[in-house]
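In: Return atomic coordinates for the entry below.
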Amino acid sequence: MTQVTKLEVGRLRPDFLARCAPVPPAEVTVQYGQDTSALYPCTSADASAIKDGRQSFPSGHTSFSFNLATYSSAYLIWCWNMRRSWAPRCMSARDEFLADLGNVAAKVWMLLMLAVAWGISMSRIVDNQHHPSDVVAGMVLGVVIAMLYILRAIPRYGKVLTALPPCATC
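Out: Take a look at the predicted model:
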């Protein structure tokens, strides 16, 4: 979806003029809706940099990182809430501590993934590769696609993973 949107929208990156290095003519009158690519030809010989400079909206790095972080976080939340049995189980104090430690580690991992996704998205703005609206659109696109996959996959998780059995007597 990101690549298709990039090709259809064709928004220029913030550093496009540096990539293109156009030489403007002495006198130009531009009207609304006029194609200015012929008026300001690029002097750069790198055609792939020019093509990439026209694919800013939405941010692909941001959409991928938020997609991965959202899907992984939702899967971990599903494992904690749906897969775990809430009936009391026979566990020693050590086993209970290790289970709680595993839950805390998984929650820290989830927060770390979301922080990395946020850092990637902010680095795209700081590096002058995307406009802020490109990054916001990438975030929204990544989260929406991840949520669609989550809603599609949750009914299938029950067939793959089984609930942990409760202990009969403690």
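In: okay, now M113: neighbour count?
Out: M113: 19 surrounding residues under other Cβ atoms under 10 Å. Heads up, the C-betas are built off the backbone N, CA and C, glycines and all.
In: That one against S72, yeah?
Out: Yes: between M113 and S72 there is a contact under Cβ atoms under 8 Å: 5.8 Å.
In: Could I get the pLDDT score of R152?
Out: R152 carries a pLDDT value of 86.
In: For it, what is the enclosing helix or strand?
Out: Assessed by DSSP states H and E, R152 sits inside helix 132-160.
In: Poorly predicted segments of the chain, please.
Out: 25-39, 81-89, 157-170 (pLDDT under 70).
In: The lengthiest helix in the chain relative to helix 132-160, how many degrees between them?
Out: As assigned by DSSP state H, the longest helix anywhere in the chain is helix 93-126. Put simply, helix 93-126 runs at 150 degrees to helix 132-160, going by axes from the mean of the first three to the mean of the last three Cα atoms, to 10 degrees.
In: What is helix 93-126 packed up against?
Out: If you count contacts as 3 or more Cβ pairs under 8 Å, 6 or more residues apart in numbering; DSSP states H and E, helix 93-126 packs onto helix 60-78, helix 132-160.
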